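*Asks:* Here you go, sequence then predicted model.
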Amino acid sequence: MKLTRTVGVLCTGKCQTGMDTLRKDMDNIGTKQTRLLLSQQVTGTRYFFLNLAPKIGVQLQPALGGREHCNPDYAVDRDGYAYAGLEYVAEGEGWVELGRMRHALTPGAVFAYGMNTHCVIRTNPDRPMVKYFVCLAGTGATERLKRAGVSVGRVRVLATHAEMRGLFEELIHEGQRPGRLAQSLCAARLEVLLLKVEEHVAHGPRRDDPARERFLRCKALIDERAMRLTTLAEIAAAVGMEVSSVCRLFRRFHDRSPYRYLLQRKMTLAAEDLVENGGMIKEVAQRIGFSDPYHFSRCFKSVHGVAPRDLLRFRRTE
């Protein structure tokens, strides 16, 4: 496997000099500078870029972040980076080396690095990772990560991590929307995300109720694979359970059936697609597993109270 070094500004004891250089480059960031910050061995990406070179002393804020589907040959090897960062593995497997210590990465893993952290990341080519990341700028970044329970160089595995994906998606969504309040909104989203990490780390894995753990596995599966899943049988097979058992778990621990929850997740993804990208309704329907656009429209209205065409009209009038 070819070793690929994907770094931003290398910080080997001269991080402030690196940040000053980066600040000068940001006026003409372009493709070349962006590639310094991001891996090219990824697909299915969604990124946001805010203030990449904040002034010294500003409050903690996200500088950039996003979602990446790692290619089978994904390889990161860097001696430092322009920012402290937090990464979350939503799917797949791999490993990370932080400060010469190697850790396995599985769904639910979160890890942090500082500006001077030696970092190597590899994905399992048979189960490529889908991961999210956010880079922190401003004062107290490493201290805030430590308070969240993920110190620089540390890997934690969150037992119930499905909502982390939603929190990262919301952060990306706000970061991609231009506007006067984008930076403040993203800073608030970042703080909520860090508080949630802190909450999960503090509680630790809950093993006192095996039924609840099975329910959380089912719910996390729906959250992560909603676009691809179409039937309860698929959900049950993926978690190694009977359909009737999945239904009993949702009756006990949730306020709706597993099918209704899957439908709601699909319609949420469809609404985001329509608002952000527009396009033809039948194409959006196909992307979330509906071959019949009329059936999709009826389901969409049953969840959101409006038809997909009404949401498109709202988008055009913004």
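*Replies:* That came in fine, so what should we check first? Numbering: from 1, shown residues only.

*Asks:* Okay, and the beta partners of the spatially most central residue of the chain?
*Replies:* Central residue of the chain (CA atoms, centre = their mean): residue 132, 3.5 Å from the mean position. Applying DSSP bridges to residue 132 yields these beta-bridge partners: residue 67, residue 88.

*Asks:* Flag the shaky bits of the stretch 51-200 of the chain, pLDDT-wise.
*Replies:* Scanning the stretch 51-200 of the chain for pLDDT under 70 picks out 160.

*Asks:* Show me what the residue nearest to residue 119 when sequence neighbours are not counted bridges to in the sheet.
*Replies:* Nearest residue to residue 119, sequence neighbours excluded (CB to CB, 6 or more residues apart in numbering): residue 113, at 5.0 Å. C-betas here are computed from N, CA, C, even on glycine. When bridges are called by DSSP bridges, residue 113 pairs up with residue 85.

*Asks:* thinking again about what came up before, would you confirm that the residue nearest to the centre of the chain contacts residue 166?
*Replies:* No - the pair residue 132 and residue 166 does not pass the contact test of CB atoms under 8 Å, sitting 10.5 Å apart.

*Asks:* the helices in the stretch 51-200 of the chain, which residues?
*Replies:* In the stretch 51-200 of the chain, the helices defined using DSSP state H, counting those that start in this stretch lie at 141-147, 162-175, 182-203.

*Asks:* so what does the shortest one touch, helix or strand wise?
*Replies:* Using 3 or more CB pairs under 8 Å, 6 or more residues apart in numbering; DSSP states H and E as the contact criterion, the neighbours of helix 141-147 among helices and strands are strand 84-91, helix 182-203.

*Asks:* Please apply the same query to the second one.
*Replies:* For helix 162-175, the elements it packs on are strand 42-49, strand 61-70, strand 84-91, strand 130-137, helix 182-203, helix 210-225, judged by 3+ CB pairs under 8 Å, 6+ apart.

*Asks:* do that again at 10 Å, thanks
*Replies:* Secondary-structure packing of helix 162-175 (3 or more CB pairs under 10 Å, 6 or more residues apart in numbering; DSSP states H and E): strand 42-49, strand 61-70, strand 84-91, strand 130-137, helix 182-203, helix 210-225, helix 258-277.

*Asks:* Now do that helix against helix 258-277: the angle between them, please.
*Replies:* Between the axis of helix 162-175 and that of helix 258-277 there is an angle of 20 degrees, by axes from the mean of the first three to the mean of the last three CA atoms, to 10 degrees.

*Asks:* and helix 162-175, how far from the chain's centre?
*Replies:* 6 Å (CA atoms, centre = their mean, to the nearest Å).

*Asks:* ditto for the longest one
*Replies:* From the chain centre to the centre of helix 182-203 is a distance of 13 Å (CA atoms, centre = their mean).

*Asks:* Could you give me the buried positions within it?
*Replies:* 182-183, 185-187, 189-190, 193-194, 196-198, 200-201 (16 or more other CB atoms under 10 Å).

*Asks:* Return the list of helices and strands in contact with that helix.
*Replies:* strand 61-70, strand 84-91, strand 109-113, strand 130-137, helix 141-147, strand 155-157, helix 162-175.

*Asks:* Same list, these, but as TSV with distance to residue 100 please.
*Replies:* Formatted as TSV, the helices and strands packed on helix 182-203 follow (distance: least, CB to CB, whole Å):
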stretch	distance to residue 100
strand 61-70	22
strand 84-91	18
strand 109-113	13
strand 130-137	21
helix 141-147	18
strand 155-157	14
helix 162-175	27
